[in-house]
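In: Attaching a predicted model along with its sequence, questions to come.
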Amino acid sequence: MGEREDRVRDLLARESAGGEVTVRGWLRSARHGKDLSFLDLSDGSCLSGIQVVVDPGLPGYEEVVKPLRTGCAIEARGSLADSPGKGQRYELKATAVELLGAVGDDYPLQKKRHSFEFLRTIAHLRPRTNTIAAVLRVRNAAARAIHDFFQQRGFLWLHSPILTLSDAEGAGEMFRVTTLDADAPPRREAGGVDFGADFFGQEAHLTVSGQLEAEIAALAMSRVYTFGPTFRAENSNTSRHLAEFWMVEPEMAFCDLTGNMELAEAFLKSVIRRVLDDCVEDMAFFNQRIEKTVLETLEHIAATPFEHMTYTEAIAVLEGSGRSFEFPVKWGADLQSEHERYLTEEHVGKPVVVTDYPASIKAFYMYLNDDGADPERRTVRAMDVLVPRIGEIVGGSQREHREDVLLRRIEAQGLDPERYWWYLELRRHGTVPHAGFGLGFERLVQFMTGMANIRDVIPFPRVPGYAEF
Ligand code: 4AD
Ligand code: MG
């Protein structure tokens, strides 16, 4: 055993039939007729399986082949032949079939469609379904396209930490990491838990973003990006939130919000284009089975410029829409998913970049605009990219590179400047305008595949109350 077998994807891509081949994989179905057995074998390399045709005259047919059914792992050897059946180019005419892994009577996957809710309860087996396997291949292709995009533009992949002492978003939505005894933690004299006795000598958490570290690296390497898992302990039970998700965060020195928006648009278009080109079969499947508008939407997006508007303009559009939204529209309030979707789906009908949000609803690190004396109406150089069906897919900003302004913003948000000492000090030594953004990788995959729930585009979803598998 090893890498000797042929992959189904390569076999189906061959120019012509002929030759001896060996395949290994799992049966998606087994049909035993009077004259022949038909085994639909998948090895995960592509959406299509290969049909293995077995003649009952094959030695060992009754003992080995006849009992085969959905879920069995087998090896089949034989010749690659043109298939008379429709929907497949080649089939494998078996000269030997070996059972590698039998299947129990309680194998839960059958040839019928299962609900995605049910499949989440069997995440150890769901990659064997067409849809989840196609999602995993699209994820893989998108990840590769992301690395290629940045590498071709001279960005360095920075491996930002997962364990951290600072809250990168200042929103307090972090998972605590501790080795203290949960039943009897050490106490301070003044009361409360003594985290000085904890593993890192301070309270530590799982990171919500690699941005602050990416800024350190950008102010030395000029262009960097992170791509890794991030964690949010927000109690959001929605189809767009995960407690653990992957984020892509480019950061550029000598860059303002305009350059940042240009990068985000070029980036999204490039990754979408690559996935359309590299995952033709899987994307056709999503378009047919999951969401009828996916291909049309993606082609359109790859070819047309994004729309732009400020937050203040967006509020005016929403107020003038005549819609009654569940959440009220008011300058100073954050945009909710329903507002975002109205703007991108109905108002512009394509992706829209909303900029210059009120300072009071955005993170401390965003560059403060010098716009008007009224402190209540101050805005920051923020940008969110909104796309149909998802709403916010990218969030970013130009960064506050002025030490005094940054310190005031940290204090105004009730955060402890001590925690951010190195982030502040970075503004004292060779500080320059810089900017970056974060793309939620699962939201992108959800957008591209048309999958309704974000829990079905990550192999092992973590959400409030659930982290099985
Ligand atoms: O808008 P967010 O919170 O921005 C940041 O974290 C910045 N530090 C990024 C930066 O400027 N470097 O998150 C960025 C993106 C969102 O637009 C969204 O796509 C995704 O991350 N995201 C989530 N995806 C899934 N589940 C969640 N709970 C998410 N929270 C944010
Ligand atoms: Mg955001």
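Out: Great, that's in hand. Ligands and ions are numbered 1, 2, ... in the order given.
In: any idea how far ligand 1 is from residue 72?
Out: Counting by CB to the nearest ligand atom, to the nearest Å, the separation of residue 72 from ligand 1 is 37 Å. Heads up, the C-betas are built off the backbone N, CA and C, glycines and all.
In: Now do the phi/psi pair for that residue.
Out: Dihedral angles phi and psi of residue 72 (degrees, to the nearest 10) take the values phi -60, psi 140.
In: got it, and residue 463?
Out: Torsion angles at residue 463 (phi, psi; degrees, to the nearest 10) stand at phi -140, psi 170.
In: Please save the CA atoms from stretch 268-286 in PDB.
Out: Backbone C-alpha positions of stretch 268-286 (Å, rounded to 0.1, in the frame of the first residue of the first chain) are rendered in PDB as follows:
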ATOM      1  CA  LEU A 268     -11.700  38.700  -4.000                       C
ATOM      2  CA  LYS A 269     -12.000  38.700  -7.800                       C
ATOM      3  CA  SER A 270      -8.800  36.700  -8.200                       C
ATOM      4  CA  VAL A 271      -9.800  34.000  -5.700                       C
ATOM      5  CA  ILE A 272     -13.300  33.700  -7.200                       C
ATOM      6  CA  ARG A 273     -11.800  33.500 -10.800                       C
ATOM      7  CA  ARG A 274      -9.400  30.800  -9.700                       C
ATOM      8  CA  VAL A 275     -12.100  28.700  -8.000                       C
ATOM      9  CA  LEU A 276     -14.300  29.000 -11.100                       C
ATOM     10  CA  ASP A 277     -11.500  27.800 -13.300                       C
ATOM     11  CA  ASP A 278     -10.100  25.100 -11.000                       C
ATOM     12  CA  CYS A 279     -13.300  23.600  -9.600                       C
ATOM     13  CA  VAL A 280     -15.500  23.400 -12.700                       C
ATOM     14  CA  GLU A 281     -17.200  20.200 -11.800                       C
ATOM     15  CA  ASP A 282     -17.800  21.000  -8.200                       C
ATOM     16  CA  MET A 283     -19.000  24.500  -9.000                       C
ATOM     17  CA  ALA A 284     -21.500  23.200 -11.600                       C
ATOM     18  CA  PHE A 285     -22.700  20.800  -8.900                       C
ATOM     19  CA  PHE A 286     -23.300  23.700  -6.400                       C
END
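In: Pull up the gap between residue 133 and residue 116, please.
Out: The span separating residue 133 from residue 116 equals 14 Å under the rule CB to CB, to the nearest Å.
In: whoops, I mixed them up, residue 200
Out: Residue 200 sits 39 Å away from residue 116 when distances are taken as CB to CB.
In: Neighbour count: those two, which is higher?
Out: residue 116 (17 against 14; other CB atoms under 10 Å).
In: which non-adjacent residue is nearest that one?
Out: Nearest residue to residue 116 in three dimensions, chain neighbours excluded: residue 456, at 5.1 Å (CB to CB, 6 or more residues apart in numbering).
In: Can you give me the pLDDT of that neighbour?
Out: Turning to residue 456, the model gives it a pLDDT of 98.
In: Could you do residue 373 as well?
Out: According to the prediction, residue 373 has pLDDT 71.
In: In terms of residue numbering, what are the domains of the chain?
Out: Residue ranges for each domain of the chain read 8-101, 127-173+208-456, as given by automatic domain parsing.
In: Okay, now stretch 95-113: how far is its last residue from its first?
Out: From its first residue to its last, stretch 95-113 covers 32 Å (CA to CA, to the nearest Å).
In: let me fix that: stretch 112-125
Out: From its first residue to its last, stretch 112-125 covers 15 Å (CA to CA).
In: related to what we said a few turns ago, could you identify which of the domains of the chain is most buried?
Out: domain 127-173+208-456 (a mean of 18; mean count of other CB atoms under 10 Å).
In: show me what contacts the residue nearest to residue 116?
Out: Applying CB atoms under 8 Å, 6 or more residues apart in numbering, we find residue 456 in contact with 116, 119-120, 131-132, 135.
In: Kindly report the same for residue 58.
Out: Residue 58 is in contact with 65, 94-97, counting by CB under 8 Å, 6+ apart.
In: Over to residue 234?
Out: By CB under 8 Å, 6+ apart, the residues touching residue 234 are 173, 241, 243.
In: can you check residue 340 too?
Out: Neighbours of residue 340 in contact, by CB under 8 Å, 6+ apart: 384, 386, 391-392.
In: Those residues also near ligand 1: which ones?
Out: Residues of the contacts of residue 340 in contact with ligand 1 (CB under 6 Å from any ligand atom): residue 392.
In: Greatest separation within the contacts of residue 340: which pair is it?
Out: With CB to CB as the measure, no two of the contacts of residue 340 lie farther apart than 384 and 391, at 8.7 Å.
In: picking that back up, quick one: which of the contacts of residue 456 is nearest ligand 1?
Out: The closest of these to ligand 1 turns out to be residue 135 (CB to the nearest ligand atom; 15.2 Å).
In: Now that closest one, what are its backbone angles?
Out: Dihedral angles phi and psi of residue 135 (degrees, to the nearest 10) take the values phi -60, psi -40.
In: Give me the pLDDT value at it.
Out: Each residue has a pLDDT score; the one for residue 135 is 98.
In: Now, the contacts of residue 456 that are in helices?
Out: Of the positions in the contacts of residue 456, 116, 119-120, 131-132, 135 sit in helices, assigned by DSSP state H.
In: How about the contacts made by residue 31?
Out: Contacts were defined as CB under 8 Å, 6+ apart; by that measure residue 31 touches 37-39.
In: Looking at those residues, spot the one nearest residue 168.
Out: For the contacts of residue 31, the residue nearest residue 168 by CB to CB is residue 39; the value is 51.3 Å.
In: So what does that closest one have for phi and psi?
Out: Backbone torsions of residue 39, given as degrees, to the nearest 10, read phi -110, psi 120.
In: quick one, what contacts the closest residue to it other than its chain neighbours?
Out: Using CB to CB, 6+ apart and skipping the chain neighbours, the partner closest in space to residue 39 is residue 52 (4.1 Å). Remark: with contacts taken as CB under 8 Å, 6+ apart, residue 52 is in contact with 23, 38-41, 74, 76, 78, 91-92, 94, 97.
In: next one: residue 278
Out: If you count contacts by CB under 8 Å, 6+ apart, residue 278 has them with 141, 145.
In: Next step: the contacts of residue 340 restricted to strands.
Out: Within the contacts of residue 340, membership in strands is found for 384, 386, 391-392, as judged by DSSP state E.
In: how about the residues of the stretch 251-400 of the chain that lie near ligand 1?
Out: 392-397.
In: and the contacts of residue 234 near ligand 1, which?
Out: Restricting the contacts of residue 234 to those near ligand 1 by CB under 6 Å from any ligand atom leaves residue 241.
In: any idea which of the contacts of residue 234 is closest to residue 375?
Out: Of the contacts of residue 234, the one sitting nearest to residue 375 (CB to CB) turns out to be residue 173, at 26.3 Å.
In: Against residue 117, how distant is that closest one?
Out: When distances are taken as CB to CB, residue 173 and residue 117 turn out to be 26 Å apart.
In: How about residue 307?
Out: 35 Å.
In: ditto for residue 273
Out: 33 Å.
In: Helices of the stretch 251-400 of the chain, start to end?
Out: Defined through DSSP state H, counting those that start in this stretch, the helices belonging to the stretch 251-400 of the chain, from first to last, are 257-278, 280-289, 294-303, 311-319, 337-341.
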